[in-house]
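1. With the input below, show me the fold.
(2 chains)
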Amino acid sequence: MTQDEARAIFLEELVKVAPDLEGEDIAETDHIQDDLELDSMDVLNLVAALHARLGVDIPEADYVEIATPALAAAYLGRRMAA
Amino acid sequence: MSVFQMPSLGADMEDGKLVEWLVAPGDTVHRGDIVAVVETQKGAIEIEIFEDGVVQTLDAELGARLPVGARLATVLAAGDAAPTAQAPPAHDTEPVARQAVPVPTPPPVPRPATFGIAASPAARKRAAERGVELTKLAGSGPDGAVMLRDVEGTASPPRRAETGKRVEALAEMRKAIASAMQRSKREIPHFQLSQTIDIQPASDWLSERNAKVPPAERILLGTLFMKAAALAAGKVGKMNGHYGADGFTQAPEVNLGVAVALRGGGLIAPAIPEADKLSLPELMEVMKDLVARARAMRLRSSEMTSGTLTVSSLGETGADAMAGVIFPPQVALLAIGAPKLRPWVIDGGIVPRLLATFTLSADHRVSDGRQANRFLAEIDAKLQKPEAL
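-> Below you'll find the model as predicted:
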């Protein structure tokens, strides 16, 4: 999976978790908690959704690796390639 | 026979708008069934019925704004005979809920065709979950009854189109919060006690547990705090109950209110019934469901009124501590600051530990510092043994 594909899927699942972000400009470097105001329950729902969709189980220690769309695209691209 | 009335869904509620019936005349209902949806300042609330019986008539029109206590429907309790005369007005048969709100007897209105729409129970349930109006669906069942497949075929309403409505709803919610908090600050002599608790054992235990399970089975640290608070409320009864006209009544069970912040602003605190009896995975599942429905502004009437103690957590990042305002008619509120890694003294040495400050706001009409202290000590003790939660 390319990073662009990973980014697109990440953003799709992000908007499902936080529907009010739909149509908003989400920057590559927006932090999902600090900037987009996801709480711990939202982050868990996002991680569970990514697991269900991609089969990538993101351990808690790696949550920092999906903190922004840019980070998540790189991380998911890497995990899917492995 | 009894009258099903517009319930009071909070000390500040004056009226509600009836937006949907989920039952029709002739339907058998059971205690706890969701029978109608009412739009309030706190969003669309699913109204439950609190007795078994058979719906005789629906007495209020969809779209009507009705005061608390207004007659919504007439229900025949099991064993009742069907009334032959016209049902007496609501205020002759039932006490008006809480405040002395004038209860108009709705004039007999010709029943709109939307009443009594035929639908399977599964379709009603799914439609209620999705917030879809049955009247807007084309039924494919016998005599045009709406079946589950008809509901499944509907997409959830587009969120974008609802933005304006949501903004309006949030403005209404702000009014409801203002009213409840003003009343609280006016009537309740608050006092606050804080305790900083070493939550490293709870955090370590949870990290180890969560590392072994897939994301869908993971539990949040906040869930451990909720469970500890529920257990403490069970032990220190003066924090758990309601204060009404006759003073304080301790609740026999712990219905834990959870303050849920809504994206875009606003706050709502639905209750988890008997939270102290739930295992951590059960409590986590209930919280997930509750938060999702709170954010969709789709809660149940019992969840709005049954809370006996509320917990408000600042989450993973944020301020160290918060002194909260009690949610009337409750008598205590526990606010939990964001966990922080800080120096701590253990056995004479300074070590970095994850700490969180728990602040209990309590009602001085009901309790004193001594009980508040005991409550916080109970939470501390529970969190040192996370495996026992």
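2. Which of the helices and strands in chain B ranks last by mean pLDDT?
-> Least confident helix or strand, chain B: helix B:90-93 with a mean of 45, by mean pLDDT, DSSP states H and E.
3. residues near the one residue in the stretch 151-300 of chain B that gets nearest to chain A, how many?
-> Closest contact between the stretch 151-300 of chain B and chain A, by C-beta to the nearest C-beta, is at residue B:215 (4.0 Å). The way it works is simple: take the backbone N, C-alpha and C, and place the C-beta from them, glycine included. When neighbours are counted by other C-beta atoms under 10 Å in any protein chain shown, residue B:215 registers 21.
4. Give me the nearest residue to it, chain neighbours excluded.
-> With sequence-adjacent residues excluded and distances taken as C-beta to C-beta, 6 or more residues apart in numbering or on different chains, residue B:215 is closest to residue A:48, at 4.0 Å.
5. is it true that that neighbour lies in a helix?
-> Yes. Under DSSP: H, G, I helix; E, B strand; the rest coil, residue A:48 sits within a helix.
6. Report the contact partners of the residue in chain A that chain B sits nearest to.
-> Nearest to chain B, among the residues of chain A, is residue A:48, at 4.0 Å (C-beta to the nearest C-beta). For residue A:48, the contacting residues are B:214-216, B:218, by C-beta atoms under 8 Å, 6 or more residues apart in numbering or on different chains.
7. can you list those residues in CSV and add secondary structure and pLDDT?
-> Output for the contacts of residue A:48, formatted as CSV (DSSP: H, G, I helix; E, B strand; the rest coil; pLDDT from 0 to 100):
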residue, secondary structure, pLDDT
B:214, coil, 95
B:215, helix, 95
B:216, helix, 95
B:218, coil, 97
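8. pLDDT wise, what is the residue of chain A closest to chain B at?
-> Looking at residue A:48, its pLDDT stands at 96.
9. gap between it and residue A:75?
-> Distance, residue A:48 to residue A:75, using C-beta to C-beta, to the nearest Å: 16 Å.
10. do residue A:52 as well
-> Going from residue A:52 to residue A:75 by C-beta to C-beta gives 17 Å.
11. Residue B:241 too?
-> Distance, residue B:241 to residue A:75, using C-beta to C-beta: 48 Å.
12. Quick check: which element contains the spatially most central residue of chain A?
-> Centroid-nearest residue in chain A, with C-alpha atoms, centre = their mean: residue A:10, separated by 4.2 Å. Assigned by DSSP states H and E, residue A:10 belongs to helix A:3-17.
13. So what pairs up with residue B:54 in the strands?
-> residue B:28, residue B:76 (DSSP bridges).
14. Is it in contact with residue B:75, as I believe?
-> Yes. At 6.9 Å, residue B:54 counts as touching residue B:75 under the criterion of C-beta atoms under 8 Å.
15. And these two? Which one has more around it.
-> Between residue B:54 and residue B:75, residue B:75 has the larger neighbour count (other C-beta under 10 Å), namely 22 against 18.
16. Can you list the low-confidence ranges for chain B?
-> B:11, B:79-117, B:120-136, B:141-144, B:149, B:152-163 (pLDDT under 70).
17. What are the boundaries of the strands in chain A?
-> Assigned by DSSP state E, chain A shows no strands.
18. and the closest residue to residue B:310 other than its chain neighbours, how many neighbours does it have?
-> Nearest residue to residue B:310, sequence neighbours excluded (C-beta to C-beta, 6+ apart): residue B:257, at 3.4 Å. When neighbours are counted by other C-beta under 10 Å, residue B:257 registers 24.
19. Can you name the helix or strand that residue B:257 falls in?
-> Secondary structure (DSSP H and E) places residue B:257 in strand B:256-258.
20. Is there a neighbour count for residue 72? I'd like the number.
-> Just so you know, I chose chain A. 25.
21. you looked at the wrong chain, it should be chain B
-> For residue B:72, using other C-beta under 10 Å, the count is 26.
22. Please apply the same query to residue A:44.
-> Counted with other C-beta under 10 Å, residues neighbouring residue A:44 total 22.
23. same thing with residue A:28?
-> Counted with other C-beta under 10 Å, the neighbours of residue A:28 add up to 11.
24. tell me the phi and psi of it?
-> With angles defined as degrees, to the nearest 10, residue A:28 sits at phi -50, psi -30.
25. That one contacts residue A:71, correct?
-> No. Judged on C-beta under 8 Å, residue A:28 makes no contact with residue A:71 at a distance of 9.1 Å.
26. Export stretch B:190-209 to CSV, keeping only CA atoms.
-> C-alpha atoms of stretch B:190-209 as CSV (Å, rounded to 0.1, in the frame of the first residue of the first chain):
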residue,chain,number,x,y,z
HIS,B,190,-20.4,23.2,47.7
PHE,B,191,-17.2,22.2,49.4
GLN,B,192,-14.3,20.6,47.7
LEU,B,193,-11.5,18.2,48.7
SER,B,194,-8.6,17.2,46.5
GLN,B,195,-6.3,14.2,46.6
THR,B,196,-3.4,13.5,44.3
ILE,B,197,-3.3,9.8,43.6
ASP,B,198,-0.4,7.6,42.3
ILE,B,199,-2.0,5.9,39.3
GLN,B,200,1.2,4.3,38.1
PRO,B,201,0.0,0.8,39.3
ALA,B,202,-3.3,1.2,37.5
SER,B,203,-1.6,2.5,34.3
ASP,B,204,1.0,-0.3,34.3
TRP,B,205,-1.5,-3.0,34.9
LEU,B,206,-3.7,-1.7,32.2
SER,B,207,-0.9,-1.3,29.6
GLU,B,208,0.1,-4.9,30.2
ARG,B,209,-3.5,-6.0,29.8
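27. isn't residue B:191 right next to residue B:372, touching?
-> Yes. Contact criterion C-beta under 8 Å: residue B:191 and residue B:372 qualify, at 7.3 Å.
28. Who has more neighbours out of these two?
-> Comparing residue B:191 with residue B:372 by other C-beta under 10 Å, the one with more neighbours is residue B:372, at 25 against 15.
29. ok now do that one, which residues does it touch?
-> Counting by C-beta under 8 Å, 6+ apart, residue B:372 touches B:191, B:193, B:239, B:332, B:360, B:362.
30. From residue A:67, how far off is it?
-> Residue B:372 is 38 Å from residue A:67, by C-beta to C-beta.
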